[in-house]
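Chemist: sequence plus the predicted model coming up.
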Amino acid sequence: MLEQKINQEIKSAMLAKDNIRLQGLRAIKAAVLLAKTEKGASEELTEEAEIKVLQKLAKQRKESADIYKSQNRDDLYQVETAELAVIEEFLPKQLSREDIVAFVKDAIARTGASSVKDMGKVMGLVNKELAGRADGKTISEVVKEQLG
């Protein structure tokens, strides 16, 4: 599913001579192909597995962009953020912090968590239900705030 969409987008980017978009799309394609050929992976990736691949790529781009920004390498920072924008097009819409807070409060009520010691229970539930729609780091921060 994702692979076919990426291939079509690559053709469009080539015709439009959009090199940065093409670079981002090729990175996605390479990561998907790698995930498909990894030991134990089935022929077709599930939608959940595709989302995890895209999240990993997005996280790598964010971290690289932060490093480049801190080193005043604006040229490389621009490339990373442009590629990140391309990758994010294929990810599900991310939830706002307010939505995450509401979801975490609900999860705390459902699990009966009362202190930071119960963070693992809450994180497990929230990460499972918000897979692909929220960043793990943000979820962790919100859970700590709510339990702390």
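Modeler: Alright, I've got the coordinates.
Chemist: my read: residue 28 touches residue 87, true?
Modeler: Yes - taking C-beta atoms under 8 Å as the definition, residue 28 is a contact partner of residue 87 at 6.3 Å. Every C-beta, even on glycine, is put in place using the N, C-alpha and C of the backbone.
Chemist: quick check: neighbours shared by those two?
Modeler: Taking C-beta atoms under 8 Å, 6 or more residues apart in numbering as the contact rule, residue 28 and residue 87 both touch 54, 57.
Chemist: tell me how far the residue most central in space within the chain lies from residue 123.
Modeler: Centroid-nearest residue in the chain, with C-alpha atoms, centre = their mean: residue 55, separated by 2.3 Å. According to C-beta to C-beta, to the nearest Å, residue 55 stands 16 Å off from residue 123.
Chemist: hmm, who's touching stretch 138-148?
Modeler: 97, 100-101, 104-105, 108, 113-116, 118-119, 122-123, 126-127, 130.
Chemist: for residue 74, give me its contacts.
Modeler: Contact partners of residue 74, counting by C-beta under 8 Å, 6+ apart, are residue 68.
Chemist: in stretch 138-145, what's buried?
Modeler: Within stretch 138-145, the residues scored as buried using 16 or more other C-beta atoms under 10 Å are 138-139, 142-143.
Chemist: scratch that, stretch 65-78
Modeler: 65, 68, 77.
Chemist: same question for that stretch, mean pLDDT?
Modeler: The average pLDDT within stretch 65-78 is 96.
Chemist: between the two ends of that stretch, what distance do you get?
Modeler: Distance across stretch 65-78, first residue to last, is 8 Å (C-alpha to C-alpha, to the nearest Å).
Chemist: for it, the distance to its chain's centre please.
Modeler: Counting by C-alpha atoms, centre = their mean, to the nearest Å, stretch 65-78 is centred 20 Å from the centre of its parent chain.
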